[in-house]
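[1] Predicted model, plus sequence, below.
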Amino acid sequence: MALRLGSLVDALGGELHGDPALQIESLAPLESAGDGALSFLSHPKYQSQLAASRAACVIVAPSMREAALARAAGGACIVAEEPYLYFARVTQLWKRQHVRAGGPRIHPSAVIDPEAFVAPDAAIGALCVVERGARIGAGTVLKSRVTVGEDCVIGERCLLHPGVVIGADGFGFAPNEGAWEKIEQLGAVRIGNDVEIGANTCIDRGALQDTVIEDGVKLDNLIQIGHNVRIGKHTAMAGNAGVAGSATIGAHCTVGGGAIVLGHLTLADHVHISAASVVTRSILKPGHYSGLFPIDDNAVWEKNAATLKQLHTLRERLKALEKTIKS
């Protein structure tokens, strides 16, 4: 089903240069977009792709207006202050226009405990399990094979992708003469509104208090969130990241793919962790942090790490010494 360009701009705003009657038949990246496709330019460094693109229409920032209009292949453009955000909203509109007729709101194969609560407009997919005392909020969607453990709460308008497990036991054991004694996990998981959780991500229930995921958090696939972790509003974490028990991550943070946050640490609001980093200390100042170091014997590693932290100071001292020698 095509979407008229004028209708799109009427719905989302932006400054249209081109024929409002133009029919958009697909959404595509700049390099592969063809006739009838809508694309976008998110960064000026891809300007060469813009010049060569055959897209019927391109979403660009005001600074790229003339470049978009000068394309060899011609075509329309929509000027928006934030092209990437505008394109995100285009995808939402496109999905609403092209949504397929759904099946039953609760799939026949789902298992929902009589003492669980599921909001009347929530959707529960195939082979899901919602255990006793769990609560699923309005507008929330559980894709196939999602498990929500007992007494766990999921807010409104959340999306849980296939294989998500909410409320499995946290990893808690006490040593006992060479063996391990289980610490019963007596808390639950509380998830706020507008949270999206990727496929096969696991969020453990708390040992005593609840594990808490606040409003607007976005978690990618294959993430492990340990017991009693708290993640602040609108934080986003990429695939294969892990957060150990009792860590607190602030609001508006990002954690790159494969990064690890050790237990009982605190990350302030607006902290950004690079991919594959290991956070070994609390970070109380907003900023972008990276940490990657080869594995080694622990005692040697600690000595090397301590020396590494002094390299900048040593470099400045060496430069000062060289200046003294030259003079």
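    Everything's here; your move.

[2] What's the first helix or strand after the lowest-mean-pLDDT helix or strand in the chain?
    Sorted by mean pLDDT, DSSP states H and E, the helices and strands of the chain end with helix 298-308, the least confident at a mean of 86. Next along the chain after helix 298-308, taking DSSP states H and E as the criterion, comes helix 311-326.

[3] Off-centre distance for that following helix?
    Helix 311-326 has its C-alpha centroid displaced from the chain centroid by 43 Å (C-alpha atoms, centre = their mean, to the nearest Å).

[4] which helices and strands does it pack with?
    Helices and strands touching helix 311-326, as assessed by 3 or more C-beta pairs under 8 Å, 6 or more residues apart in numbering; DSSP states H and E, are absent. Where you see a C-beta, it was placed from the backbone N, CA and C, and this is true even at glycine.

[5] Check which residues of it are buried.
    By neighbour count on 16 or more other C-beta atoms under 10 Å, the buried set for helix 311-326 is empty.

[6] can you state the direction angle for it and helix 298-308?
    Helix 311-326 and helix 298-308 meet at an angle of 50 degrees, taking axes from the mean of the first three to the mean of the last three C-alpha atoms, to 10 degrees as the criterion.

[7] if you average pLDDT over helix 311-326, what comes out?
    Averaging pLDDT along helix 311-326 yields 88.

[8] likewise stretch 56-68?
    Average pLDDT, stretch 56-68: 96.

[9] now do the same end-to-end measure for that stretch.
    Length of stretch 56-68, first residue to last, C-alpha to C-alpha, to the nearest Å: 11 Å.

[10] that older thread, C-alpha coordinates for the least confident helix or strand of the chain, CSV please?
    The C-alpha coordinates for helix 298-308 follow below in CSV (Å, rounded to 0.1, in the frame of the first residue of the first chain):
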residue,chain,number,x,y,z
ASN,A,298,44.9,-10.8,38.3
ALA,A,299,47.8,-9.5,40.4
VAL,A,300,49.8,-8.6,37.2
TRP,A,301,46.7,-7.1,35.6
GLU,A,302,46.1,-4.8,38.7
LYS,A,303,49.7,-3.6,38.6
ASN,A,304,49.6,-2.9,34.9
ALA,A,305,46.2,-1.1,35.2
ALA,A,306,47.6,1.1,38.0
THR,A,307,50.6,2.0,35.8
LEU,A,308,48.4,2.7,32.8
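
[11] elements contacting it?
    The helices and strands touching helix 298-308, judged by 3+ C-beta pairs under 8 Å, 6+ apart, number zero.

[12] Any buried residues in it, and which?
    Judged by neighbour count using 16+ other C-beta under 10 Å, helix 298-308 contains no buried positions.

[13] same deal with stretch 257-268?
    Buried residues in stretch 257-268, counted by 16+ other C-beta under 10 Å: 257, 258, 259, 260, 261, 262, 265, 266, 267, 268.

[14] still on that earlier bit, any idea how far the least confident helix or strand of the chain is from the middle of the chain?
    Relative to its chain's centre, helix 298-308 lies at 33 Å (C-alpha atoms, centre = their mean).

[15] From here on, call the first residue 19.
    Will do, 19 is the new start, and the previous item becomes helix 316-326.

[16] Count the neighbours of residue 266 for me.
    18 (other C-beta atoms under 10 Å).

[17] Kindly report the domain assignment for the protein.
    When the chain is parsed with automatic domain parsing, its domains come out as 21-116, 129-307, 316-345.

[18] could you dump these to a markdown table with distance to residue 123?
    Shown next, in a markdown table, are those (distance: least, C-beta to C-beta, whole Å):
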| stretch | distance to residue 123 |
| --- | --- |
| domain 21-116 | 18 |
| domain 129-307 | 5 |
| domain 316-345 | 53 |
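
[19] Any idea which of those domains gets closest to residue 122?
    Closest of the domains of the chain to residue 122 is domain 129-307, at 9.0 Å (criterion: C-beta to C-beta).

[20] Tell me the gap between that closest one and the middle of its chain.
    Taking mean C-alpha positions (C-alpha atoms, centre = their mean), domain 129-307 and its chain are 12 Å apart.

[21] got it, and stretch 58-74?
    Worked out by C-alpha atoms, centre = their mean, stretch 58-74 lies 26 Å from the chain centre.

[22] List the buried residues for that stretch?
    Buried residues in stretch 58-74, defined by neighbour count with 16+ other C-beta under 10 Å: 58, 59, 64, 67, 68, 71, 72, 73, 74.

[23] Filter the residues you listed down to the ones in strands?
    The strands, defined by DSSP state E, take in residue 58 from those.

[24] which regions of the stretch 19-168 of the chain sit below the pLDDT cut-off?
    For the stretch 19-168 of the chain, no stretch has pLDDT under 70.

[25] So which of the domains of the chain is the most surrounded?
    Stretch with highest mean neighbour count among those: domain 129-307 (a mean of 19; mean count of other C-beta atoms under 10 Å).

[26] Span of that one from start to end?
    End-to-end distance of domain 129-307 (C-alpha to C-alpha): 43 Å.

[27] Please flag which of the buried residues of stretch 58-74 sit within helices.
    Using DSSP state H, the members of the buried residues of stretch 58-74 that fall within helices are 67, 68.

[28] Can you name the two of the buried residues of stretch 58-74 that sit furthest apart?
    Maximum pairwise distance among those (C-beta to C-beta): 17.9 Å, between 64 and 74.
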